[in-house]
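Peer 1: Just a sequence and a predicted model for now, questions to come.
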Amino acid sequence: MSRHESFSKLVDTMHRLRSPGGCPWDAEQTHSSLRQYLLEEAYEVVDAIESGVDDELREELGDLLLQVVFHAELATERRAFGIDEIAETVNSKLIRRHPHVFADASVDSSKDVAASWSKIKAAERAEKAGGERRPSSLDGVPSGLPALLRAHRLGERASEIGLDWKTPSGARSKVDEELSELDEAVSSGDDDRIAHEIGDVLFSLASYARLLGQNAETALRAGLSRFDARVRKVEAEFEAASGDPSEATAEELDAAWQRAKLGEPAGD
């Protein structure tokens, strides 16, 4: 079956599920009701990428594609747009944002490509604003992004207009400053102030990570995966010895934790 035939078959299947005599559950769905599934499927794709298992990645990408096709079917029923318009829109966007490939622009590095991409997107934001207001450099960064990822994106956008540290060391100093302010807030016992300063500390750490060429969201996900694996190893060790980690001493838990870290890649 060709690529076009496979995709057309998927679109037809979705249409049948929504049609009279199809699936009652699918027929009840709306753009709003599907939001949670779109997010879940996107995260499952990320998990599959991190697993390195191609079969899992293929399956999860299919589930994510289904969400796009589902939303396209809902829009088609409203006569708003369809899957063809979605494909045409993103294809036009790719061509417009790659003038070094599809036009006569020239670039010397991936850094040049990123700079060109940012300028083109800024022009697109200005066009969308229609001259009614000066577009913000932060327009288009979804408020629903995971907080650390949003911190990374907002920092990138602010950097485009010069609101950024020149070097990572500047951002590192900001981390120390925010930690000091958090200590003061903790000493005050003011819960609102503590929450405020914790937010500033996390944002400053995300900025420091970005200037080091890292993504705080990705780094935290990796850290959480390591934590998950180590806790499970500790639990398994106590279970094998017919013990209970909740009844162990701090020294016993620390020793088990250190054993759990053995065999992990350097730097972990």
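Peer 2: All right, it came through fine.

Peer 1: Apart from its neighbours in sequence, what residue is nearest T167?
Peer 2: Of all residues not flanking T167 in the chain, L211 sits nearest, at 7.2 Å (Cβ to Cβ, 6 or more residues apart in numbering). C-beta coordinates here come from the backbone N, C-alpha and C atoms, glycine included.

Peer 1: From L145, how far out is that neighbour?
Peer 2: Remark: distance between L211 and L145 (Cβ to Cβ, to the nearest Å) = 19 Å.

Peer 1: One more: A80?
Peer 2: 25 Å.

Peer 1: do the same with H31
Peer 2: According to Cβ to Cβ, H31 stands 19 Å off from L145.

Peer 1: Also L154?
Peer 2: Counting by Cβ to Cβ - L154 and L145 are separated by 9 Å.

Peer 1: need the helices for the protein, in chain order.
Peer 2: 3-18, 24-28, 35-51, 54-77, 83-96, 99-102, 110-129, 147-160, 168-188, 191-211, 216-240, 250-261 (DSSP state H).

Peer 1: export those to JSON lines and tack on distance to L138, mean pLDDT and mean neighbour count?
Peer 2: Converted to JSON lines, the helices of the chain look like this (distance: least, Cβ to Cβ, whole Å; pLDDT from 0 to 100; neighbours: other Cβ atoms under 10 Å):
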{"stretch": "helix 3-18", "distance to L138": "35", "mean pLDDT": "93", "mean neighbour count": "13"}
{"stretch": "helix 24-28", "distance to L138": "36", "mean pLDDT": "97", "mean neighbour count": "10"}
{"stretch": "helix 35-51", "distance to L138": "22", "mean pLDDT": "92", "mean neighbour count": "15"}
{"stretch": "helix 54-77", "distance to L138": "26", "mean pLDDT": "97", "mean neighbour count": "16"}
{"stretch": "helix 83-96", "distance to L138": "20", "mean pLDDT": "95", "mean neighbour count": "12"}
{"stretch": "helix 99-102", "distance to L138": "25", "mean pLDDT": "91", "mean neighbour count": "12"}
{"stretch": "helix 110-129", "distance to L138": "10", "mean pLDDT": "79", "mean neighbour count": "14"}
{"stretch": "helix 147-160", "distance to L138": "5", "mean pLDDT": "93", "mean neighbour count": "18"}
{"stretch": "helix 168-188", "distance to L138": "19", "mean pLDDT": "97", "mean neighbour count": "15"}
{"stretch": "helix 191-211", "distance to L138": "14", "mean pLDDT": "97", "mean neighbour count": "18"}
{"stretch": "helix 216-240", "distance to L138": "18", "mean pLDDT": "93", "mean neighbour count": "14"}
{"stretch": "helix 250-261", "distance to L138": "40", "mean pLDDT": "93", "mean neighbour count": "13"}
